[in-house]
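1. take a look and give me a structure for this.
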Amino acid sequence: MNRASGIDRAPLEIREELRALQKEEKYQEMALLYVRTLDNVSYQELMYLFEDSFEVPGDYVRVSEKDPNIIFWAGVSAQFLEVTSALCDAPGLESHPTTTLVYMVDGGMLNFPIVQKPPAKGYKKPHWLPVVFRKVPPK
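-> Numbers count the residues shown, from 1 in each chain. I've put the predicted structure just below:
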């Protein structure tokens with residue numbers, strides 16, 4: 001079974017808008033539209049979204065500001081980190097811890113121990129905290 005790639009994995013109702021943004025190289029806007037439409041979007045899903053737009057694999061890692069040994073995602077390009085940083089700062093969106101099962105289903109896992117209960121002084125070795133991007137629930 002072949003998997004759809006890039007924008008063809010997105011819901012039909014936003015594919016044309018995603019293609020238009022891709023053509024204009026408005027990748028941050030693509031990411032925002034995708035997450036706001038789907039909700040619960042993993043880094044792996046975003047890698048698929050952009051695989052036809054720019055070089056996604058690389059040597060870069062997104063880590064926690066509080067503990068550099070807590071890894072959110074790894075093995076990506078600088079451009080991918082820059083594009084997805086818009087999600088970290090976007091009003092109405094948040095990153096939310098999820099299970100490894102989400103990443104397993106999405107087709108990508110990291111080979112690090114999973115964050116359980118972070119020690120007060122931080123981890124001594126890298127640990128993975130799987131997260132998804134979600135819409136902030138209305139109050």
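
2. identify the residue spatially nearest to Lys124, adjacent ones excluded.
-> Here the nearest residue to Lys124 in space, its sequence neighbours aside, is Asn69; by Cβ to Cβ, 6 or more residues apart in numbering that works out to 6.9 Å. Where C-beta positions appear, they are placed from N, C-alpha and C, glycine not excepted.

3. check Glu55 and give its pLDDT.
-> Predicted confidence (pLDDT) at Glu55: the value is 96.

4. list the contacts of it.
-> Residues in contact with Glu55 (Cβ atoms under 8 Å, 6 or more residues apart in numbering) are 77, 79.

5. how close does it sit to Val63?
-> 21 Å (Cβ to Cβ, to the nearest Å).

6. what about the closest residue to Thr98 other than its chain neighbours, how many neighbours?
-> In this structure, Thr98 finds its nearest non-sequential neighbour in Val132, 4.6 Å apart by Cβ to Cβ, 6+ apart. Counted by other Cβ atoms under 10 Å, the residues lying close to Val132 total 22.

7. and the most centrally placed residue in the chain, how far is that from Lys121?
-> Per Cα atoms, centre = their mean, the C-alpha nearest to the average position across the chain is that of Tyr43, at 2.3 Å. Distance from Tyr43 to Lys121, counting by Cβ to Cβ: 27 Å.

8. which SS state does the residue nearest to Ile14 when sequence neighbours are not counted fall under?
-> The shortest distance from Ile14 to any non-neighbouring residue, by Cβ to Cβ, 6+ apart, is to Thr37 (5.2 Å). Using DSSP: H, G, I helix; E, B strand; the rest coil, the three-state assignment for Thr37 comes out as helix.
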